[in-house]
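> Next input, structure requested:
(4 chains)
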Protein chains: 2
Amino acid sequence: MTNPLSHSLRSDARDNRERILAVARTTFAAQGLDVAMREIARRAEVGPATLYRHFPTKEALVTEAFREQMTACTAVVDEGLADPDPWRGFCLVVEAVCEMQALDRGFTAAFASAFPRAIDFAADRERALGKAAELVRRAKAAGGLRADFVLDDLIMVLMANGGIRTTSPDDAVTAARRFAALLIQGMRADRAGPPLLPPVRPHRRRS
Amino acid sequence: MTNPLSHSLRSDARDNRERILAVARTTFAAQGLDVAMREIARRAEVGPATLYRHFPTKEALVTEAFREQMTACTAVVDEGLADPDPWRGFCLVVEAVCEMQALDRGFTAAFASAFPRAIDFAADRERALGKAAELVRRAKAAGGLRADFVLDDLIMVLMANGGIRTTSPDDAVTAARRFAALLIQGMRADRAGPPLLPPVRPHRRRS
DNA sequence: ACGCTAACGGAACACCCCGTCCGTATAACT
DNA sequence: AGTTATACGGACGGGGTGTTCCGTTAGCGT
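Now for the predicted structure:
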């Protein structure tokens, strides 16, 4: 019902799978991707073999665990695109994504491809980036976003936001909001100040 | 001469020590702190035991390797304080430190205490932060920096800047400059836009 | 030149990681 | 209830890390 892949699985197997995914999501969110597979298995009250039977590799588990987060992210971008005021839509997206990153350390790492090599988010990632590019274009056309802003700047900002570490989740989201607010002021077209230096393309795997 | 600790050391030991430190500095700068001790020993053409005889633990090596970077950092803050225009001094410091972080990944991690637990930079770190607080105070008094800016915002910005990863060092410094320029525009007092949310204190080890 | 001690470095230790094998238990179907 | 295939989990292998032991080398003072 809830999961299209849940057919043809024995009941205990399906339960275990969901329990593993739930544990993986919360643990990755709280501690980042540097969590041992054994630890996730232990918290899910499952043997390591069971974990690996459901997800053949750690990368597979991470990919599956953050699939919904990824769609939520693109949904946010769509929401921003739907806003009648492009600049406001842009600001909302920046704030929302920063907050999402603050609430989920693992998502930050997964999105930035901090994991060994290009997860497989490639597809969703590129799609979201395409929409974000459109958002940037409109925000600039509307006169809200400074003209020398480029899509890669947005990626850079998100990467930077991911670097903020705090003690508690509450502090994390407050800091992210404050960070986003500061940045957004710097992105405004009016009183943009001296022109920015030439933009740089942040690193992208799969050269 | 150059090093006050170099007395009472045999010639080969002194050579090895300096070679190890040189290798550690360049390697940490290029690849961050996640470098195996064996790797540093190998590059310095030294056995692991020699490395550990000079630096009893990895933390000790890191601390010693970044001591001069730390003093360079405080020197930058002093330079900013010496500037007749507090706002310009503040901007210069932000730009310079961001650039330093871009050029040295290890320093970023060491400064942010990303290493296991509180290195020992505590003293220098607190001293530098004290001077930075004075810099912030003056920049606000001069009317250049927005009034709701706090010292912790500066720490947050530096932490964020450390999160930016690029492929080449050239890209890193370009990105850092661009990032700093964007942020500085958001920090300006004129046209500050809506007030920021309540500030948050970023995490500090040694509770 | 000699001897003594400081310094060296390869091998080994203890720990943790990801991923796998195989004998056992249990859900599902008759 | 009996049977069977599916799923389970403890134990294992291979590789990596920080750190230490100990037999050997080599600088330095005489």
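
> tell me the contacts of residue A:100?
A:69, A:72, A:73, A:76, A:107 (CB atoms under 8 Å, 6 or more residues apart in numbering or on different chains). C-beta coordinates here come from the backbone N, C-alpha and C atoms, glycine included.

> actually residue A:26, not the one I typed
If you count contacts by CB under 8 Å, 6+ apart, residue A:26 has none.

> is DNA strand C contacted by whichever strand or helix holds it?
In this structure, residue A:26 sits in helix A:11-31 according to DSSP states H and E. Yes: figure legend: helix A:11-31 in contact with DNA strand C (CB under 7 Å from any atom of the strand); contacting residues A:11, A:12.

> Can you tell me which residue of chain A sits closest to chain B?
For chain A, the nearest residue to chain B under the criterion CB to the nearest CB is residue A:163, separated by 1.8 Å.

> can you pull the pLDDT of the closest residue to that residue other than its chain neighbours?
Take residue A:163 and drop its neighbours on the chain: the residue closest to it by CB to CB, 6 or more residues apart in numbering or on different chains is residue B:163, 1.8 Å away. Here, the pLDDT recorded for residue B:163 equals 93.

> which ones are touching residue B:163?
Taking CB under 8 Å, 6+ apart, one finds A:159, A:160, A:161, A:162, A:163, A:164 in contact with residue B:163.

> right, and out of the contacts of residue A:100, which lies closest to DNA strand D?
Closest approach between the contacts of residue A:100 and DNA strand D, by CB to the nearest atom of the strand: residue A:69, at 24.4 Å.

> Can you get me a residue count around the closest one?
Other residues lying near residue A:69 total 19 when counted by other CB atoms under 10 Å in any protein chain shown.

> and what of residue A:99?
18.

> Return the residues in contact with it.
By CB under 8 Å, 6+ apart, the contact set of residue A:99 is A:173, A:176, A:177, A:180.

> For it, give its distance to DNA strand C.
From residue A:99 over to DNA strand C the distance is 28 Å, taken as CB to the nearest atom of the strand, to the nearest Å.

> Which helix or which strand is home to that residue?
Element membership of residue A:99 [criterion: DSSP H and E] is helix A:86-103.

> Burial check on residue A:12, number of neighbours?
With other CB under 10 Å as criterion, residue A:12 counts 9.

> what's the answer for residue A:34, then?
Neighbourhood size, residue A:34 [other CB under 10 Å]: 10.

> part of a strand, is it?
No: the assignment for residue A:34 (DSSP: H, G, I helix; E, B strand; the rest coil) gives coil, which keeps it out of a strand.

> how much space between the closest residue to DNA strand D within chain A and DNA strand C?
As assessed by CB to the nearest atom of the strand, DNA strand D sits closest to residue A:47 within chain A, at 2.3 Å. For residue A:47, the distance to DNA strand C equals 7 Å [CB to the nearest atom of the strand].

> Can you report how many residues lie near the closest residue to residue A:108 other than its chain neighbours?
In space, residue A:108 comes closest to residue A:162 once its chain neighbours are excluded; the distance is 3.9 Å by CB to CB, 6+ apart. A total of 23 residues lie near residue A:162 under the criterion other CB under 10 Å.

> So residue A:162 is in contact with residue A:106, correct?
No: applying CB atoms under 8 Å, one finds residue A:162 not in contact with residue A:106, separated by 10.7 Å.

> So which residues of chain A form strands?
Secondary structure of chain A (DSSP state E): no strands located.

> Domain map for it?
A:10-65, A:67-187 (automatic domain parsing).

> Looking at the ones you listed, which is nearest to residue B:83?
With CB to CB as the measure, domain A:67-187 is the member of the domains of chain A nearest residue B:83 (21.6 Å).

> Which of the helices and strands in chain A ranks last by mean pLDDT?
The helix or strand of chain A with the poorest confidence is helix A:105-111; it has a mean of 86 (mean pLDDT, DSSP states H and E).

> hang on, the earlier thing: show the pLDDT at the nearest residue in space to the residue of chain A closest to DNA strand D that is not next to it in sequence.
Counting by CB to CB, 6+ apart, residue A:47 lies nearest to residue A:41, which is 6.3 Å off, once chain neighbours are set aside. In this model, residue A:41 is scored at 98, pLDDT.

> Near residue A:41, how many other residues are there?
Here the number of neighbours of residue A:41 (other CB under 10 Å) works out to 20.

> right, and it touches residue A:53 too?
No: using CB under 8 Å, residue A:41 is not in contact with residue A:53, being 10.9 Å away.

> Now do residue A:193, the pLDDT please.
The per-residue confidence score, pLDDT, reads 68 for residue A:193.

> One more: residue A:18?
You'll see residue A:18 listed with a pLDDT of 97.

> That one: how many residues sit nearby?
By other CB under 10 Å, the burial measure for residue A:18, its neighbour count, is 15.
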